[in-house]
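In: missing the sequence, but the structure's below:
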């Protein structure tokens, strides 16, 4: 009985470690995507600002 409980506990620990590892990978990917999106938004805002400045200078 103790051996089966130990085996189940060991399996649960291993599954938990796998899930933690997978979660960390997902969080890493999410962080990278958020950084890329922020950069894209910054670049877009910069481009809009430059276009507006160029139009204002033409007037």
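Out: Arrived safely. Keep in mind it's a predicted model, so treat the numbers as computed, not measured. Residues are numbered from 1 along each chain as shown.
In: which secondary structure element contains residue 30?
Out: For residue 30, the host element (DSSP states H and E) is helix 2-58.
In: Need the pLDDT of the most centrally placed residue in the chain.
Out: Closest to where the C-alpha atoms of the chain average out (CA atoms, centre = their mean) is residue 30, at 1.1 Å. pLDDT recorded at residue 30 is 98.
In: cool, residue 37 as well?
Out: 98.
In: And for residue 16?
Out: For residue 16, the predicted pLDDT is 98.
In: cool, and the one 5 residues further on?
Out: pLDDT recorded at residue 21 is 98.
In: Residue 28 versus that one, what's the distance?
Out: Plainly put, residue 21 is 11 Å away from residue 28 if you go by CB to CB, to the nearest Å. To be clear about C-beta, it is placed using only N, CA and C from the backbone, and glycine gets the same treatment.
In: any common contacting residues for these two?
Out: By CB atoms under 8 Å, 6 or more residues apart in numbering, residue 21 and residue 28 have no common neighbours.
In: Report the distance from the helix holding residue 30 to the chain centre.
Out: Here helix 2-58 is found 0 Å from its chain centre; the criterion is CA atoms, centre = their mean, to the nearest Å.
In: Point out the other elements, helices or strands, that it touches.
Out: Contacting helix 2-58 under the criterion 3 or more CB pairs under 8 Å, 6 or more residues apart in numbering; DSSP states H and E is no other helix or strand.
In: wait, what's in contact with residue 57?
Out: Neighbours of residue 57 in contact, by CB under 8 Å, 6+ apart: none.
In: Check what pLDDT it gets.
Out: pLDDT, residue 57: 90.
In: And for residue 11?
Out: 96.
In: How much space separates it from residue 21?
Out: According to CB to CB, residue 11 and residue 21 sit 16 Å apart.
In: burial measure for residue 3, as a count.
Out: 7 (other CB atoms under 10 Å).
In: no no, residue 32
Out: Residue 32, neighbours per other CB under 10 Å, totals 10.
In: Against residue 39, how distant is it?
Out: 11 Å.
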